[in-house]
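1. everything below, folded, please.
(2 chains)
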Amino acid sequence: MQIATWNVNSVRARLERVLPWLEARRPDVVCLQEIKCQDEQFPREPFEDLGYQIALWGQKTYNGVAILSRRRIEGVVRGLVGDGEGSEARAIACQIDDFLLLNLYVVNGEKVGSEKYAKKLGWLERLERTVAERFPSSERIVLCGDFNITFDDRDVYDPAAWHEKILCSTPEREALGRVMRLGLHDALRKFDQRPGVYTWWDFRTKGFERGQGLRIDHFLLSESALAACRGVEVDLEARGGPKPSDHAPVLATF
DNA sequence: ATGGTGGGTTCCCCA
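-> All right, here's what the predicted structure looks like:
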């Protein structure tokens, strides 16, 4: 079983990259973030034609998350504990086989100390409550998506330049750490301890062309899921070529 | 220190 996560930065704008990629890689499950469309605007047919069921929580213009699965999707839950009417579409959960899956698009936070930064920390607190209440660590838990947080300097191309900047600040890392402490493990680090594994590169600075990226897309697994995990791979090829997303897909094999 | 690009919307926001 292979599960992928990919911030596609608009599913409609990315169709010509995502569909051939699905045909080539054929992952069983794909968690998409930033689909940037409402439910009724989601291009269902081409995915269904490839054999995928779809669970989604769309939103106009911003955010939006979707789960594609070749295996039966059960028990779909949108949002986090404490989400109200009008909450942003940033989280969707379901069960597939014996995996409890939570697909996340964490608030970016813009700038340390900003209003959006405070919102990010508040959202992460609700993520912590959600995992504590709905994702018992005794189960096979898979949290994946765009966390918009690096774990440590190995995830950052220029740690000095990014020191205490957004995506790298101590309060963000500690907030994510409190989620991890509920019994989750950073799956990539089971297989690769080296610095320089990145999943996102800024368009504006031509980050990918310069090899300047950050690792902010993660697979966080409970103990039993981690034990079943056989590998985690970033597909760099998908970040190159015409009209790419600014994120590469990450695949976990079980 | 600033702005660069890219996506979606609507005359600008978000990343």
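2. quick check: next helix or strand after the helix or strand containing residue A:102?
-> Counting by DSSP states H and E, the element that carries residue A:102 is strand A:99-105. Using DSSP H and E, the helix or strand that directly follows strand A:99-105 along the chain is helix A:115-134.
3. show me what from chain A comes close to DNA strand B.
-> By CB under 7 Å from any atom of the strand, the residues of chain A that approach DNA strand B are A:9-10, A:12-13, A:36-37, A:60-62, A:107-108, A:110, A:116, A:148, A:202-205, A:243. (C-beta placed from N, C-alpha, C; glycine too.)
4. so which of the residues you listed are in strands?
-> Among the residues of chain A next to DNA strand B, DSSP state E puts none in strands.
5. which of these count as buried?
-> The neighbour count (16 or more other CB atoms under 10 Å) marks A:9, A:36-37, A:107, A:148 as buried among these.
6. DNA strand B: which of these is nearest?
-> residue A:36 (4.2 Å; CB to the nearest atom of the strand).
7. which residues touch the closest residue to DNA strand B within chain A?
-> Minimum separation of chain A from DNA strand B (CB to the nearest atom of the strand) falls at residue A:10, amounting to 3.0 Å. Residue A:10 makes contact with A:34-37, according to CB atoms under 8 Å, 6 or more residues apart in numbering.
8. what about the nearest residue to residue A:240 once chain neighbours are set aside, which SS state?
-> Closest residue in space to residue A:240, ignoring its immediate chain neighbours: residue A:208 at 7.1 Å, by CB to CB, 6 or more residues apart in numbering. Look at residue A:208: counting by DSSP: H, G, I helix; E, B strand; the rest coil, its state is helix.
9. what about stretch A:5-24, how long is it end to end?
-> One end of stretch A:5-24 sits 16 Å from the other (CA to CA, to the nearest Å).
10. chain center to it, what's the gap?
-> Centroid separation between stretch A:5-24 and its chain, computed with CA atoms, centre = their mean, to the nearest Å, is 14 Å.
11. what comes up buried for that stretch?
-> So, applying 16+ other CB under 10 Å, buried residues of stretch A:5-24: A:5-9, A:11, A:14, A:17-18, A:21-22.
12. kindly report the same for stretch A:109-128.
-> A:109, A:112, A:117, A:120, A:123-124, A:126-128.
13. ok, the closest residue to residue A:203 other than its chain neighbours - contacts?
-> Once flanking residues are discounted, residue A:203 sits nearest to residue A:246: 5.3 Å by CB to CB, 6+ apart. By CB under 8 Å, 6+ apart, the residues touching residue A:246 are A:7, A:9, A:200-203.
14. dihedrals phi and psi, residue A:246?
-> Residue A:246 adopts backbone torsions of phi -80, psi -10, taken as degrees, to the nearest 10.
15. any chance of the buried residues of stretch A:109-128 in CSV, plus distance to residue A:140 and pLDDT?
-> Below are these laid out as CSV (distance: CB to CB, whole Å; pLDDT from 0 to 100):
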residue, distance to residue A:140, pLDDT
A:109, 30, 97
A:112, 35, 97
A:117, 33, 97
A:120, 28, 97
A:123, 25, 98
A:124, 23, 98
A:126, 23, 98
A:127, 19, 98
A:128, 20, 98
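16. any chance of these in a markdown table with distance to residue A:139 as columns?
-> Shown next, in a markdown table, are those (distance: CB to CB, whole Å):
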| residue | distance to residue A:139 |
| --- | --- |
| A:109 | 30 |
| A:112 | 35 |
| A:117 | 32 |
| A:120 | 27 |
| A:123 | 23 |
| A:124 | 21 |
| A:126 | 20 |
| A:127 | 17 |
| A:128 | 17 |
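17. many thanks, I have nothing further to ask.
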